[in-house]
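# Pasting the sequence and the predicted coordinates here, then a few questions.
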Protein chains: 2
Amino acid sequence: MKLRRSGRLVDMTNYLLSHPHSLVPLTYFSERYQSAKSSISEDLTIIKQTFEQQGAGTLQTVPGAAGGVKFVPGMDAEEARMILGSLRQKMAAPDRLLPGGYLYLTDILGDPALVQKIGRMFASLFADRKIDLVMTVATKGIPLAYAAANYLNVPVIIVRRDSKVTEGSTVSINYVSGSSKRIQTMVLAKRSLRESSNVLIIDDFMKAGGTINGMVSLLDEFQANVAGIGVLVETEGAEERLVDDYVSLVKLTGVDVKGKQIELQEGNLFDPGRYWRMEEKKKG
Amino acid sequence: MKLRRSGRLVDMTNYLLSHPHSLVPLTYFSERYQSAKSSISEDLTIIKQTFEQQGAGTLQTVPGAAGGVKFVPGMDAEEARMILGSLRQKMAAPDRLLPGGYLYLTDILGDPALVQKIGRMFASLFADRKIDLVMTVATKGIPLAYAAANYLNVPVIIVRRDSKVTEGSTVSINYVSGSSKRIQTMVLAKRSLRESSNVLIIDDFMKAGGTINGMVSLLDEFQANVAGIGVLVETEGAEERLVDDYVSLVKLTGVDVKGKQIELQEGNLFDPGRYWRMEEKKKG
């Protein structure tokens, strides 16, 4: 349908936001709105400026016949700090302490708006990596994995603890959990992962890293590559960390069950060089 | 920051899309952009018209001092039919047949863009109900539940088959699965659901309806109400259906394991009176 600039801006914004990391040819928009490519280019400049100004991400333009425009979701460091600050405050409520020093996070992981924000944060942190898939393990990591994958425009695969008939044939591995030192099993549907895929691992919680290490071994089994590892919460002071190169958003630094105290700090996401989008902006 | 109309339209569209079913006071926008309320009203008219024209949903205006504007995500019947048509085509591929007549759907449920669309469809179907929460059972239904909940702006609660220490104290029920007639258990964290909550149940697959019936019993246990039931796929010919009032998007009408044939039809979502948004539009 024919649309004026104001209508085009609304519809293009909606379209780009719901097609992140996809290259859209300019002809797609000029046919969709029956408008000249020059007008579409002007629209895109306005959208790009607004997105960057508001920290929503950016538009990348690929020139040439096979070119087009790509929306790359982002989040500036200021917004990330604000979100994580209020998240830590929520997490530190004493009534979250469960027997054994565990934290009740079910309600936090059950808030889709927050989960979307965390997904955008992960997508922003890993925006420059080559990623074909996001992988997580059932159950708690699933919403975070989908949110990140949605912003990265890649599929999700879910590792299970047991095999199910609806998965078809599976590959399973045994691994030793880092904290409890028990042998556990992990299962992945055989046809869900192709050789040489680049996989981003996302999970909600990392203690010693046994579960994540298990996923890394599973990727090895499929001859796939680890493109990155992102966790919502890591616990500090795990004796020996099985995983080195990861990004954490929140660090659990102390749990005092008797005194009902939970201590949380910033994760390693702001370590120099990691939050690259912010660095780049400051330079610019 | 001060923004001209074009920039405002882009940012307001982004803001409204990421805050569905939330009442935003006009003063919020007029302060955000340092613009007169009359200009903001004109912007909102443009956004509303474009959203409705493109079938993305609508804006509802609530007048008065406590009023504002609310984005209600929607999907017109034409888009829903297109999405479900290509989904059925994908589902009917013979290599999806697993031993026992099960269907391999892992890749379909692993596609976040498709999952988002299905979530918008559910949100559109149940947009006029009073919904406080979306409930599903681990594992396959989780992404669909989050997608719907995100568009409805309500939390998600996940029922499990076993209790975990990180859930705190739980309530569990036993129920009889409709197809296998076996006794199964369902567990929900005690603090995840308040009395009198209105709960939308979302799941990926319904045979006789035993699992969904179990969730209904669980809601009973918590003295909460069923606000609606939505399933991606229902199988036809289940001898006795345990659940009556539900919406299905796809109907599995026949599986011929030997002949490698899968027959799928439209679900009941287009039954008269159900796809209300379409009806309203036709009248208007």
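Received the coordinates, thanks.
# Go ahead and list the helix or strand containing A:Ser175.
Ser isn't right for residue A:175; it's Tyr. strand A:170-176 (DSSP states H and E).
# strand partners of that strand, parallel vs antiparallel please.
Strand A:170-176 pairs in its sheet with strand A:183-189 (antiparallel), by DSSP bridges.
# Name the residues of the partner strand that come out as buried.
A:186-189 (16 or more other CB atoms under 10 Å in any protein chain shown). Every residue, glycine included, has its C-beta placed from N, CA and C.
# Check the residues you listed against chain B and report the nearest one.
Nearest to chain B out of these is A:Ala189 (CB to the nearest CB; 5.5 Å).
# is that closest one in a bridge, and if so with what?
A:Thr170.
# ok, it touching A:Glu167?
Yes: using CB atoms under 8 Å, A:Ala189 makes contact with A:Glu167 at a distance of 4.1 Å.
# what sits in contact with each of the two?
With contacts taken as CB atoms under 8 Å, 6 or more residues apart in numbering or on different chains, the residues that reach both A:Ala189 and A:Glu167 are B:104, B:106.
# So for the residue nearest to A:Tyr175 when sequence neighbours are not counted, what's the pLDDT?
Closest residue to A:Tyr175 apart from its sequence neighbours, by CB to CB, 6 or more residues apart in numbering or on different chains: A:Gly214 at 3.7 Å. Per-residue confidence (pLDDT) for A:Gly214: 94.
# Okay, domains of chain A per the record?
A:5-73, A:77-270 (automatic domain parsing).
# what about the shortest one, near chain B?
Yes: in this structure, domain A:5-73 sits against chain B according to CB under 8 Å from any CB of the partner chain; the contacting residues are A:5-7, A:9-11, A:13-14, A:17-19, A:46-47, A:49-51, A:53-54, A:56.
# Which of those fall in helices?
Judged by DSSP state H, helices contain the following of the residues of domain A:5-73 next to chain B: A:5-7, A:9-11, A:13-14, A:17, A:46-47, A:49-51, A:53-54.
# Name the pair among these with the greatest separation in space.
The largest separation in these, counting by CB to CB, is between A:Gly7 and A:Gln53 at 21.7 Å.
# quick one, which of these two is more surrounded?
Taking neighbours as other CB atoms under 10 Å in any protein chain shown, A:Gly7 and A:Gln53 compare with A:Gly7 leading, 19 against 13.
# now the more buried one: how far from A:Leu109?
Distance from A:Gly7 to A:Leu109, counting by CB to CB, to the nearest Å: 38 Å.
# can you give me how far the host helix or strand of A:Gln89 is from the chain middle?
Using DSSP H and E, A:Gln89 maps to helix A:77-91. Relative to its chain's centre, helix A:77-91 lies at 16 Å (CA atoms, centre = their mean, to the nearest Å).
# same question for that helix, mean pLDDT?
Rounded mean pLDDT across helix A:77-91 is 96.
# Relative to the following helix or strand past that helix, what are the paired strands and their orientations?
Following helix A:77-91 in sequence order, the next helix or strand is strand A:97-98 (DSSP H and E). When pairing is defined by DSSP bridges, strand A:97-98 lines up against strand A:102-103 (antiparallel).
# List the contacts of the partner strand.
Against strand A:102-103 from outside (CB under 8 Å, 6+ apart): A:91, A:96-97, A:233, A:252, A:255, A:262, B:165-166.
# what about 10 Å?
By CB atoms under 10 Å, 6 or more residues apart in numbering or on different chains, the list of residues contacting strand A:102-103 from outside reads A:91-93, A:96-97, A:205, A:233, A:235, A:252, A:255, A:257, A:262, A:264, B:164-168.
# List buried residues within these.
Neighbour counting by 16+ other CB under 10 Å classes A:91, A:96-97, A:205, A:233, A:235, A:252, A:255, A:262, A:264, B:166-168 among those as buried.
# quick one: which of those sit in strands?
Among these, DSSP state E puts A:97, A:205, A:233, A:235, A:252, A:255, A:262, A:264 in strands.
# who touches A:Gln89 in this structure?
Applying CB under 10 Å, 6+ apart to A:Gln89 gives the contacts A:Leu264.
# and the end-to-end length of stretch A:175-195?
Distance across stretch A:175-195, first residue to last, is 21 Å (CA to CA, to the nearest Å).
# In the stretch 51-200 of chain A, where is pLDDT below threshold?
A:178-179 (pLDDT under 70).
# Not counting its neighbours along the chain, what's nearest A:Leu144?
Once flanking residues are discounted, A:Leu144 sits nearest to A:Ile202: 5.4 Å by CB to CB, 6+ apart.
# so who does that neighbour touch?
A:118-119, A:122, A:126, A:134-137, A:141-149, A:156, A:212, A:215, A:228-232, A:247.
# Any of the residues you listed buried? List them.
A:118-119, A:122, A:126, A:134-137, A:141-149, A:156, A:212, A:215, A:228-232, A:247.
# In helices, which of these appear?
Among the buried ones among the contacts of A:Ile202, the members found in helices (DSSP H) are A:118-119, A:122, A:142-149, A:212, A:215.
# of all these, which comes closest to B:Leu219?
A:Pro143 (21.3 Å).
# Surely that closest one and A:Asp203 touch.
No: A:Pro143 is beyond contact range of A:Asp203, at 11.5 Å (criterion: CB atoms under 10 Å).
# got any residues that touch both of those two?
Common neighbours of A:Pro143 and A:Asp203 (CB under 10 Å, 6+ apart) are A:Thr136.
# you'd agree A:Tyr151 is up against A:Val115?
No: using CB under 10 Å, A:Tyr151 is not in contact with A:Val115; the gap is 11.4 Å.
# just to revisit the earlier point, mind listing what's buried in the strand holding A:Tyr175?
Those would be A:170, A:173, A:175, for strand A:170-176 by 16+ other CB under 10 Å.
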